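**Q** Quick check, what structure comes out for this input:
(chains A, B, C and D)
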There are 2 protein chains.
Amino acid sequence: MKLEQATIKDIARELQVSSSTVSRALKDYPGISDETKRKVKEMAEKLNYRPNAIALSLRKSRSFTIGVIIPEVVHFFFSTVISGIEEVAFSRGYNVILTQTNEKLTREKSSIDTMLSNQIDGFLVSYSKETTEFSHFSKLLDQGYPIVFFDRVPEIQNAIHVIVDDYAGAYEATKHLIQQGFSRIVHLAGPSNLKISKERSRGYSDALRDHGIPFLPELLVECTQGTDEEAHKITTKLLQSLSPRPDAFFANNDLAAVGAMMACKAAGYAVPNEIGVVGFSNWQFCSIVDPSLSSVAQNGFRIGATATEILLDWIEKKINLEDIQTSVVLATELLVRKSSVRIQNT
Amino acid sequence: MKLEQATIKDIARELQVSSSTVSRALKDYPGISDETKRKVKEMAEKLNYRPNAIALSLRKSRSFTIGVIIPEVVHFFFSTVISGIEEVAFSRGYNVILTQTNEKLTREKSSIDTMLSNQIDGFLVSYSKETTEFSHFSKLLDQGYPIVFFDRVPEIQNAIHVIVDDYAGAYEATKHLIQQGFSRIVHLAGPSNLKISKERSRGYSDALRDHGIPFLPELLVECTQGTDEEAHKITTKLLQSLSPRPDAFFANNDLAAVGAMMACKAAGYAVPNEIGVVGFSNWQFCSIVDPSLSSVAQNGFRIGATATEILLDWIEKKINLEDIQTSVVLATELLVRKSSVRIQNT
DNA sequence: ATCGTTACCGCAATCGTGTGCATAAATTTT
DNA sequence: AAAATTTATGCACACGATTGCGGTAACGAT
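**A** Residues are numbered from 1 along each chain as shown, chains lettered A, B, ... in the order given. Predicted coordinates for the structure are as follows:
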């Protein structure tokens, strides 16, 4: 069935030379005559020779492959990160092997196992929501295994990670709402066990404080799921129960923001004139919802690309571990669209 | 730095037995005493032994890895497919190595090369828009290399592929619009060199014909980009130039549908009461735009899962090539939301 | 005492490639 | 012409795991 791939030995047999000569000729080693090199290369071409990367991996104990572990692929942010990873890995001659954990810890661990078996050169990880204990990572780090975390990063000593400035992003978003004249601003927060959620909440409350608006606990609501339905329900309830009613929503993610926006519209409020809304992540759909959704952009592509650059530098020992700053924080950018900008009444 | 992984030899040395004995003991071969097996397994545990998949691949010329080649990762449909692929591959003990071509032919070819070097067991491919000639695939197929195509499938003899029933989906969508009382239905078509676009256009025109509505060439407009901006422009122009104006839009993809919808709203028409809109693909945002967008769902997860099942069966020789139907067509489902259902006037 | 049987286990080759060392031939130096 | 050096190539082993074949000891049977 499957046609055998030509090997170095085949070339050697064909040309009546040793396989070591072939190996060296192909790599333009000194000490091989030009004549031989030419012949070898011709024959390699003719037999459609392709070096066996597996054999090479075995020999060098290097696979030129990096493992990516993420919660889920079908997610605008993560797929963007993957794209950045893939781009850099490809350009530097590495393969990417990918697994999604579906937010399961067991899956995370078994993925690590199979990847280790496959002698991958390093990991890029955003861990699952179930992961609360990080010994399976720290064990590897102690062995000197390169791991770069992104987005969701563990609180391990010296764990290298790439994140965005969630605090600043949330601060800017909140400040923007305040400057638009909103003052009873609800924050639909993410699960409080994730560091990113905490940072965003902190940015929210600091912005309030810095602008002389008191922080009210009843305006900070945790959305554990982060779906639009959940946000819709919560928002509807808040609009009824709070008095005076909230006049703006800053959500931990865009889906929740849309849910909140829908709920506001359903309750008869005009967005943005009566209620302002800002999301977080700048998902694709931000510009096509009505009104278009202001959001804090986190450049997933850059996160992936940066994390990969660091990982590969580490793998190739281009950098000393001591010289790496453990935390790379990328800037966020507030993209102001219609959902948060009050239309001037003339 | 990186701690050496324990090998079979390490266990052998520690226990003063040969490595063959260790290998056999670990696999519960007959002819090894229970005592030895116990000791070997204990030592393996103690040394944290992990089989070297690379060495195994070399020995067996099998890598238990499949290669996935897609145009781009950041795309709702494709990321869903990846998810399906990953799920099945994982459950059957295979790794997934991923590359995106960014719609470039050269990238497609070089990805194939590096994957071949890595001795992957088979390919899952959706080819790039630049690819018009398929010899780099057919060459591999001739060598008996397993390749399963999905979504975008080439017209090669005997190429196995998994697609959705674009024709039926488009037919149903058009029929639905007709049944809602729309009759001047515009089709915003995709690039005509892709088979999927052609199929969808065919479904559109056949549905018209079967319901006694004449097919008008001016109502079939090709959107080469498929973006919302492009659709917005085209729609705006059509609304002005055509008389009587179109009363419905069936788009080749959801983004274009949203663009059309926006344009209708901007021109002062009510969706769905004055103008109906239906998209194709059922992207995530369909349910959160306003009004929610009716769309033809193509189950990306199932496409990925099915394609992977077929590929792995093929690889494992569970099926004969002759027994595989070259074309697996999955059903589409029209999801009716608000954008296409006229609200009854009481 | 010899043979046959069984139970355990080791030797050595293999997968494809890379590389230190040895070797032979060709060339230059003395 | 002999010695020294350069040039070109091959041998053998390593990477880690698997496996056909053969070996050895113990035991029982004759």
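
**Q** got the end-to-end distance for stretch A:272-281?
**A** 19 Å (CA to CA, to the nearest Å).

**Q** Could you tell me which residues within it count as buried?
**A** When burial is assessed from 16 or more other CB atoms under 10 Å in any protein chain shown, stretch A:272-281 yields the following buried residues: A:Pro272, A:Ile275, A:Gly276, A:Val277, A:Val278, A:Gly279, A:Phe280, A:Ser281. Every C-beta, even on glycine, is put in place using the N, C-alpha and C of the backbone.

**Q** From these, which land in strands?
**A** Here DSSP state E is the test, and those give A:Gly276, A:Val277, A:Val278, A:Gly279, A:Phe280, A:Ser281 as lying in strands.

**Q** Could you dump the residues you listed into TSV and include pLDDT?
**A** Listed next are those as TSV, based on pLDDT from 0 to 100:
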residue	pLDDT
A:Gly276	97
A:Val277	97
A:Val278	98
A:Gly279	97
A:Phe280	96
A:Ser281	94
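
**Q** What is the nearest of these to A:His136?
**A** Closest approach between these and A:His136, by CB to CB: A:Ser281, at 27.9 Å.

**Q** Next, count neighbours for the spatially closest residue to A:Lys129 that is not a sequence neighbour.
**A** The shortest distance from A:Lys129 to any non-neighbouring residue, by CB to CB, 6 or more residues apart in numbering or on different chains, is to A:Glu103 (4.6 Å). Using other CB atoms under 10 Å in any protein chain shown, A:Glu103 is surrounded by 14 other residues.

**Q** same check, this time on the one 5 residues further on
**A** The local packing of A:Glu108 (other CB under 10 Å) involves 24 other residues.

**Q** I figured it hits A:Lys129, correct?
**A** No: judged on CB atoms under 8 Å, A:Glu108 makes no contact with A:Lys129 at a distance of 10.4 Å.

**Q** Where do the domain boundaries of chain A fall?
**A** According to automatic domain parsing, chain A comprises the domains A:8-51, A:63-163+A:300-329, A:166-299+A:334-340.

**Q** Could I get the ones you listed in TSV, plus columns for distance to DNA strand C?
**A** Formatted as TSV, the domains of chain A follow (distance: least, CB to the nearest atom of the strand, whole Å):
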stretch	distance to DNA strand C
domain A:8-51	3
domain A:63-163+A:300-329	12
domain A:166-299+A:334-340	38
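
**Q** For B:Asp165, which of those is the nearest?
**A** domain A:63-163+A:300-329 (22.2 Å).

**Q** Contact partners for the spatially closest residue to A:Gly169 that is not a sequence neighbour?
**A** In this structure, A:Gly169 finds its nearest non-sequential neighbour in A:Thr332, 3.4 Å apart by CB to CB, 6+ apart. A:Thr332 makes contact with A:Val164, A:Asp165, A:Asp166, A:Ala168, A:Gly169, A:Glu172, A:Val296, A:Ala297, A:Gln298, according to CB atoms under 8 Å, 6 or more residues apart in numbering or on different chains.

**Q** what helix or strand is the most centrally placed residue in chain A on?
**A** With distances taken as CA atoms, centre = their mean, A:Val81 lies nearest the centre of chain A, 4.2 Å away. Using DSSP states H and E, A:Val81 falls within helix A:76-91.

**Q** Could you count how many residues lie near the closest residue to A:Asn299 other than its chain neighbours?
**A** Closest residue in space to A:Asn299, ignoring its immediate chain neighbours: A:Leu330 at 6.5 Å, by CB to CB, 6+ apart. Using other CB under 10 Å, A:Leu330 has 16 neighbouring residues.

**Q** mind listing the helices for the stretch 151-300 of chain A?
**A** Along the stretch 151-300 of chain A, counting by DSSP state H, counting those that start in this stretch, helices occupy A:166-179, A:195-210, A:228-241, A:254-266, A:300-315.

**Q** Thank you, goodbye.
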